[in-house]
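Novice: using only what follows, build the 3D model:
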Amino acid sequence: MTASHAIAPLGAEPSRALTGEIRVPGDKSISHRALILGAMAVGETVITGLLEGEDVLRTGAAMKALGADVSRDADGVWHVHGVGVGGFAEPAEVLDFGNSGTGVRLAMGAVATSPIACTFTGDASLCRRPMSRVLDPLARFGAESMGRAGGRLPLTLTGAKTAMPVVYASPVASAQVKSAILLAGLNAPGETTVIEREATRDHTENMLKAFGASVRVEDTADGHAVTVAGHADLKAVPIAVPADPSSAAFPLAAGLIVPDSAVTVTGVLMNPTRAGLYQTLRDMGADLVIANGRDEGGEPVADLTARFSALKGIEVPPERAPSMIDEYPILAVIAAFAEGRTVMRGLKELRVKESDRIAAMARGLKACGVTVEELEDGLIVEGMGAGGMPGGGTVLTEMDHRIAMSFLVAGLAAQKAVKVDDSAFIATSFPGFTDLMTGLGGRLVRLNR
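Specialist: As a prediction, this is how the structure comes out:
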C-alpha cells in the first residue's frame with residue numbers, strides 16, 4: 001500500500017431499477033499503448049478519449065521521464081511528442097507505476113533494446129506480481145535486470161547495447177508478454193516473432209500498423225505468430241480511444257441482475273479479442289442488445305443495452321478465457337444470480353493479477369452466502385437465481401479494483417447490503433465509477449473505517 005493511499009470502505013445496498021444511457025471511460029489497454037507508441041514515434045500523437053485513471057497517468061509520467069513531451073489540454077485531449085524508436089533518455093528518477101501491471105511490463109519492453117538503465121517500482125500489490133514472464137524473453141534481446149527474488153519489483157533493467165532479434169514461443173497466454181516483446185523488437189535488427197498457443201488481445205499489433213510498423217500475423221503449425229520488423233520508423237498518428245469493455249461490464253451486469261433495469265453503454269470497444277464476455281452472457285440467456293456497430297480509430301465499437309434477465313448457469317468454454325480474462329470477477333457475480341451451476345476454467349492467469357482473483361472471488365462469494373468451489377484454474381459457482389444472493393458480507397478486495405467493483409454490483413441486487421473494505425483502487429481503471437452507478441439509480445454508501 002502506498003503512503004498516499006487512503007482506505008475508502010464502500011457499501012452497496014439493494015436498489016430499485018437501474019436505468020439510463022452512459023459512456024464509461026476509455027479503454028485502458030489502448031490508452032497505455034497510445035502513450036507508449038506515441039513516445040516511440042516521430043512527431044505529435046494526439047489522443048482523444050484517453051482513460052485518465054491512475055494506471056494510465058503513471059504510464060504517461062514514465063514516458064515523460066524517458067524524454068517524450070506529454071501534455072494534456074484543458075478539454076481532455078492529450079499530446080505526445082515522441083523521441084523516435086531508440087530515442088529514450090535515461091530517466092533521472094525511479095519509474096513508479098503504482099498498481100499498473102500493464103504499464104510496467106509494456107514499458108520494460110519499450111526500453112529493453114535501448115542502451116539505458118531504468119529502475120521500476122510500484123505499490124505493494126504490484127511489487128508482489130511476477131515480472132520474470134517478461135524479463136526472461138527480454139533477456140534474449142540482451143537486456144539485463146537486477147531485482148528481488150522471482151523478478152519482482154523494485155528492479156533495474158539495463159537495455160541491450162547491441163540488441164538481437166528474438167523468436168519466442170510464449171508459455172502463457174498474455175497480451176502483456178507479447179506486447180513487451182514486440183515493443184522491444186522495434187529497436188532490434190531483423191524480425192522479432194512471438195508465437196502464442198492462443199491468440200490474445202491484438203491492440204498492440206493494430207496500433208503498430210497504424211504508426212507505420214511492418215507487422216505480420218499468421219497461424220502456423222506452432223501457433224499464432226506475430227512478427228514485427230526491427231529498426232522501425234514510427235510516424236505519429238491521431239488515436240481515438242473507445243470505451244473500455246471491461247469497465248462497461250459492471251453497469252451492464254447491474255442491468256442484468258437488478259430487477260426491471262435497462263442500462264445502455266455507448267461506444268464500447270468490440271474487438272473480437274475482448275468480446276468474450278458478451279457472447280458468454282448471451283449463452284446464459286441475457287437480454288443484451290448490441291446496436292449501432294461502427295469503426296472508431298481503427299477498432300470496432302457498438303452501443304450495448306442490458307435488461308434484467310432470467311439467467312441460467314453454463315460451462316464457459318476454456319478457450320474463451322483470453323478474450324474475457326479481466327471480466328471473470330464480474331461474471332462470477334452474475335453467475336451467482338443465475339439458475340444452476342456455472343463452470344469457469346482455464347483461468348490460471350487470474351492468480352497473478354492485482355490479486356489472486358480466483359481466491360479473492362471465492363472468498364467474497366462465500367462471504368455473501370454463495371456456494372462456490374475454487375479450482376486450481378477456475379471457479380464453479382452454484383447460482384441462486386434472481387434475487388437469491390443473501391449478501392450481508394464484507395469483502396476483502398486485496399487492493400484490486402475489479403474485485404471491489406464486482407461486489408459493489410452484487411450488493412445492488414442482493415437481499416442485504418454488501419460492503420467492500422476498500423474502494424480507493426477503483427480509480428486506477430474506472431474514475432467516476434461511484435457517481436456513474438448512483439446516477440443510474442444504484443445505492444452506494446460511503447462507510448466509516
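
Novice: low-confidence stretches in the stretch 301-449 of the chain?
Specialist: Low-confidence segments of the stretch 301-449 of the chain (pLDDT under 70): 449.

Novice: and the strands in it, which stretches?
Specialist: Secondary structure of the stretch 301-449 of the chain by DSSP state E, counting those that start in this stretch: the strands cover 315-316, 339-344, 372-375, 378-384, 394-395, 418-420, 443-446.

Novice: which strands or helices does the last one pack on?
Specialist: Applying 3 or more CB pairs under 8 Å, 6 or more residues apart in numbering; DSSP states H and E, one finds that strand 443-446 contacts strand 10-13, helix 433-439. Every residue, glycine included, has its C-beta placed from N, CA and C.

Novice: again with the first one
Specialist: Strand 315-316 sits against strand 339-344, with contacts defined as 3+ CB pairs under 8 Å, 6+ apart.

Novice: sorry, back to before: okay if I get the helices and strands packed on strand 443-446 as TSV plus distance to residue 326 and mean neighbour count?
Specialist: TSV is the format used below for these (distance: least, CB to CB, whole Å; neighbours: other CB atoms under 10 Å):
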stretch	distance to residue 326	mean neighbour count
strand 10-13	20	21
helix 433-439	15	18
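
Novice: residue 182: neighbouring residues, count only.
Specialist: By other CB atoms under 10 Å, 23 other residues sit near residue 182.

Novice: which parts of stretch 229-239 are buried?
Specialist: 229-230, 232, 234, 236-237, 239 (16 or more other CB atoms under 10 Å).

Novice: just stretch 190-207 next, same as before
Specialist: Buried-residue list, stretch 190-207, by 16+ other CB under 10 Å: 192-196, 198-207.

Novice: tell me which of those fall in helices.
Specialist: 203-207 (DSSP state H).

Novice: nearest to residue 366, of the residues you listed?
Specialist: Of all these, residue 366 sits closest to residue 203, with 35.2 Å by CB to CB.

Novice: distance to residue 376 added to the helices and strands packed on strand 443-446, as TSV?
Specialist: Below are the helices and strands packed on strand 443-446 laid out as TSV (distance: least, CB to CB, whole Å):
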stretch	distance to residue 376
strand 10-13	30
helix 433-439	31
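
Novice: closest one to residue 114 among these?
Specialist: helix 433-439 (36.6 Å).

Novice: what's the closest one in contact with?
Specialist: 10, 18, 20, 22, 24, 247, 250-251, 254, 405, 408-409, 412, 423, 426, 444 (CB atoms under 8 Å, 6 or more residues apart in numbering).

Novice: so what's residue 132 up against?
Specialist: 150-151.

Novice: residue 108 versus that one, what's the distance?
Specialist: 11 Å (CB to CB, to the nearest Å).

Novice: kindly report the same for residue 47.
Specialist: With CB to CB as the criterion, residue 47 and residue 108 are 22 Å apart.

Novice: re earlier: biggest separation within the buried residues of stretch 229-239, which pair?
Specialist: 230 and 239 (23.0 Å).

Novice: please save the CA atoms from stretch 407-415 in PDB.
Specialist: C-alpha atoms of stretch 407-415 as PDB (Å, rounded to 0.1, in the frame of the first residue of the first chain):
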ATOM      1  CA  PHE A 407     -19.000  -7.000  -5.300                       C
ATOM      2  CA  LEU A 408     -20.500  -3.500  -5.300                       C
ATOM      3  CA  VAL A 409     -22.500  -4.600  -8.300                       C
ATOM      4  CA  ALA A 410     -23.500  -7.700  -6.300                       C
ATOM      5  CA  GLY A 411     -24.800  -5.600  -3.400                       C
ATOM      6  CA  LEU A 412     -27.200  -3.700  -5.700                       C
ATOM      7  CA  ALA A 413     -29.100  -7.000  -6.400                       C
ATOM      8  CA  ALA A 414     -28.500  -9.000  -3.200                       C
ATOM      9  CA  GLN A 415     -31.000  -9.400  -0.300                       C
END
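
Novice: may I see the buried residues of that stretch?
Specialist: 407-414.

Novice: okay, these in JSON lines with distance to residue 158 next?
Specialist: Converted to JSON lines, those look like this (distance: CB to CB, whole Å):
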{"residue": "407", "distance to residue 158": "42"}
{"residue": "408", "distance to residue 158": "43"}
{"residue": "409", "distance to residue 158": "44"}
{"residue": "410", "distance to residue 158": "46"}
{"residue": "411", "distance to residue 158": "48"}
{"residue": "412", "distance to residue 158": "49"}
{"residue": "413", "distance to residue 158": "51"}
{"residue": "414", "distance to residue 158": "51"}
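
Novice: out of the residues you listed, which sit inside helices?
Specialist: 407-413.

Novice: tell me which of those is nearest to residue 393?
Specialist: Nearest member of those to residue 393, counting by CB to CB, is residue 407, at 8.2 Å.

Novice: ok, the closest one touching residue 396?
Specialist: No. Between residue 407 and residue 396 there is no contact under CB atoms under 8 Å: 9.8 Å.

Novice: anything in contact with each of these two?
Specialist: residue 364.

Novice: now residue 180. Nearest residue, chain neighbours left out?
Specialist: Distances taken as CB to CB, 6 or more residues apart in numbering place residue 109 nearest to residue 180, at 2.9 Å, with adjacent residues excluded.

Novice: ugh, wrong one, residue 151
Specialist: Residue 151 sits nearest to residue 132 (CB to CB, 6+ apart), 3.4 Å away.

Novice: no more questions from me, cheers.
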